[in-house]
Every structure is written in C-alpha cells, then in structure tokens.
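[1] whatever this is, show me its structure:
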Amino acid sequence: MTKFIEHLKVLRIDHWLKNIFILFGQGVALVLVAGLRPEWGDWPAIRHTAALAAFSLVPACLVASANYILNEILDAPFDRLHPTKCFRPVPAGTVSVPALYVTMAALAIVAFALSLWFFNHGYTIALALLLASGLVYNIPPVRLKDRPYLDVISESFNNPIRLWLGWYALAPVSTFPPLSIVMAWWFFGALLMAGKRYAEFRFIGDAKTSGDYRKSFQVYTERSLVISMITYANFFCFCMGIGIAVYRPNLIFVFPVAVLAIIVYFQHAMSTEGAKLEPEQLMRNPLLILCTIVTASASLVLAFWPSDLTKIFRFLEPIGF
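    This next block holds a predicted model:
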C-alpha cells in the first residue's frame, strides 16, 4: 500500500487544481460565441453544458499527470540537490521508474480516447499541445526548462492551452478566442511563473546550489527576475485592457481588483515569508486567493450583465474624468 501511495504522489493530483483555468476558457466562449449559452430555464440544455464543462477537466488532468511523471523522472538528478524536492518519490528512490513510464503512457492513451469520444478536434489538438508542452519543457536536448526566460514563457504557455481546452469543450472548431484574451492569459501565467522562479531562487539561497539544481538560475538574478515580473504584469494589463475595451467594456470595473491581486502577489513573492515557501505554496496566500475569487466572481457577473455599465462614466465628464 505504501508503494502505491508513493507512485500516486508522482501524479501530483493536488496540482490538478491548476486546470480550473479551463473554466475561464469556457466562460469566455459562453460570453462571446453567439447561441452557445443555453436559455435560462432550459434545464436539459443547462445540465448538458454543465456536464460537458465539468468532464472536460478529466482528460486535461490525466495529461497533466503524465507530464508530471516525466518531469519528476527527468528532474530526479537535479531534485536531489534541492533542500525539499530531494524527498520526492523518484529522487528518493521509493518508486519504480519503469512502472511510472507505463502509467504515463496509460494516462495519455485514456485521455486522448476520452477526448476523441466526447469532444471536437479543437479540444483534442489543444490536449496534444498540453502533452507536447510537457515534452519540450522536460526532454533534452530542447529542455526549455533549462533555458532562462524561455522556461517561464514555455511553462506559462499552458495557460493559453487551458483556455483553448475550455473554449473548444463547448465551442465549435470553426471559432477561435480573441488573440488579446489569449495573450493576456499567457502573460498572466508568465507573471505567476516568474514569481515562482523568484521565490525558488531566494528559497535555495546559494548561487552555486541553485545553478546546479536549475541551469537557468546560472543566468537569473533577483533583479532580472523582478524586472521580468514587472514586464509580464504590464503586458498582461495591456492585453487585458484591449480585450475589455473591444469585447466586454463592463469588465473595466474588474480592472482595479485585478491590479490589487497583482500587487498582493508581488508583495507576497518578495517578502521574507515568501522566500521560505516552495513555488506552489506561494499561490496559497489567503489574501491572494480572496482577490482571485473576487476578481473571478465580479468578472462573471459583469460579463453577463444585460446593460452597458460604462455609461456611468458620462456622469464624470463634467469633472474631466
């Protein structure tokens, strides 16, 4: 039983929570694709849409676990140099690597079988991109994980992929989400990933050890990582502003809350406490979670609001707002 639990740990089921971002793509599709949203009171259609939306998380979670298995196997020599990751099952030698490869293949096969059976080709292509992203991120000689800045950009590309998974779980293949929203979601992911790198860099606290553990840390400095975080945050706000102005002006009222969430993230990542946390723990700050929930809830309400609330700004014109 203990051996089974150790193998189960490699799947990192607790990280499946990241796939909740797929729901964002579904929300965007329901707002922007004409005729996709069921009429209120049409309960059979609502139940079908809800079931399809929920089930779309399953293949994505299976592929994510397949990627995590590959990641842990190939990272084992480096994880043994990390103060906490050295206790993971593969670097600790408590699991069978051949059995993990078999599990990885089985997860991928089941995921794509479900995708082809229940969803359109757009969803399946996005799922293939999710798997491919894990391969180029981890496997030499490409191994983007070792390349400074490309590591963040490639890992955060999973955000647009999850957006596409959500979009094509409900929308037809002939449609495509707006580029401004895709790019905003990508830069938002890059901000989160750069914050994780910054926290991890400070957590290790030794230049040689960090460089041996992750090759990109041979190039990164605290200063360069902070500058990259600021850059990604600015690009996120720029693309988000375009998306709001063009597609849903009501969401302008969410902007201050989104900016507050970014400020909270910066403050937490750069704090003494944040430096002691592992990257995944960095995003579990209660205030950050609260800001995220408020932002998501407000976005949902305002996106479906029947009238244009930006008309309120006309009352501010006399004072030159």
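[2] give me the low-pLDDT residue ranges for the stretch 1-150 of the chain?
    Along the stretch 1-150 of the chain, segments meeting pLDDT under 70 span 1.
[3] again, only this time at 80
    1-3, 40-41 (pLDDT under 80).
[4] can I see the domain layout of this structure?
    According to automatic domain parsing, the chain comprises the domains 1-177, 178-321.
[5] in CSV, list these along with mean neighbour count.
    (C-beta placed from N, C-alpha, C; glycine too.) What follows is the domains of the chain, written out as CSV (neighbours: other C-beta atoms under 10 Å):
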stretch, mean neighbour count
domain 1-177, 17
domain 178-321, 17
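[6] tell me where the protein has strands.
    For the chain, no strands are identified by DSSP state E.
[7] closest to the centroid, which residue in it?
    Compute the mean C-alpha point of the chain, and by C-alpha atoms, centre = their mean the closest residue is N159, 4.3 Å away.
[8] against I73, how distant is that one?
    Distance of N159 to I73, given as C-beta to C-beta, to the nearest Å: 24 Å.
[9] chain neighbours aside, what residue packs nearest to F157?
    Distances taken as C-beta to C-beta, 6 or more residues apart in numbering place S133 nearest to F157, at 6.0 Å, with adjacent residues excluded.
[10] in contact with the one you found: list those residues for me.
    Contacts for S133 were tallied using C-beta atoms under 8 Å, 6 or more residues apart in numbering; they are N67, S154, E155, F157, N158, I161.
[11] can you put those in CSV and add distance to A261?
    Converted to CSV, the contacts of S133 look like this (distance: C-beta to C-beta, whole Å):
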residue, distance to A261
N67, 27
S154, 24
E155, 20
F157, 21
N158, 19
I161, 22
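[12] pick the one among the residues you listed closest to T2.
    T2 lies nearest to N67 out of the contacts of S133, by C-beta to C-beta, at 24.8 Å.
[13] doesn't L130 make contact with that closest one?
    Yes. Assessed by C-beta atoms under 8 Å, N67 is found in contact with L130 at 7.5 Å.
[14] wait, isn't M229 in contact with Q267?
    No. Applying C-beta under 8 Å as the test, M229 and Q267 come out as separate, 11.7 Å apart.
[15] find the nearest non-adjacent residue to L127, please.
    Computed as C-beta to C-beta, 6+ apart, the closest residue to L127 that is not its neighbour in sequence is S115, at 5.1 Å.
[16] list the contacts of that neighbour.
    Taking C-beta under 8 Å, 6+ apart, we find S115 in contact with P59, Y123, T124, L127.
[17] what residues are up against the third one?
    The reference is to T124. If you count contacts by C-beta under 8 Å, 6+ apart, T124 has them with F112, S115, L116.
[18] distance of it from S115?
    The gap separating T124 from S115 is 5 Å, by C-beta to C-beta.
[19] follow-up on the earlier one: just the contacts of T124: which are in helices?
    Applying DSSP state H to the contacts of T124, the entries found in helices are F112, S115, L116.
[20] thought the first one was touching A126?
    No. The pair F112 and A126 does not pass the contact test of C-beta under 8 Å, sitting 11.7 Å apart.
[21] which stretches of the stretch 51-200 of the chain form helices?
    In the stretch 51-200 of the chain, the helices defined using DSSP state H, counting those that start in this stretch lie at 57-79, 89-92, 97-118, 121-138, 150-156, 158-170, 179-204.
[22] format those as CSV; extra columns: distance to V301.
    Formatted as CSV, the helices of the stretch 51-200 of the chain follow (distance: least, C-beta to C-beta, whole Å):
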stretch, distance to V301
helix 57-79, 23
helix 89-92, 43
helix 97-118, 30
helix 121-138, 27
helix 150-156, 27
helix 158-170, 19
helix 179-204, 18
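[23] minimum distance to P38: which of those helices has it?
    helix 158-170 (10.4 Å).
[24] that older thread, format the contacts of S115 as JSON lines; extra columns: distance to Q26.
    As requested, those are exported to JSON lines (distance: C-beta to C-beta, whole Å):
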{"residue": "P59", "distance to Q26": "14"}
{"residue": "Y123", "distance to Q26": "11"}
{"residue": "T124", "distance to Q26": "16"}
{"residue": "L127", "distance to Q26": "15"}
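[25] need the contact list for the residue nearest to A269 when sequence neighbours are not counted.
    In space, and not counting its chain neighbours, A269 is closest to G195: 4.2 Å by C-beta to C-beta, 6+ apart. Shown in contact with G195 (C-beta under 8 Å, 6+ apart): M229, Y265, F266, A269, L282.
[26] which residue, other than its chain neighbours, is closest to the third one?
    With C-beta to C-beta, 6+ apart as the measure, M229 is the residue that lies nearest to F266, at 6.8 Å, once sequence neighbours are left out.
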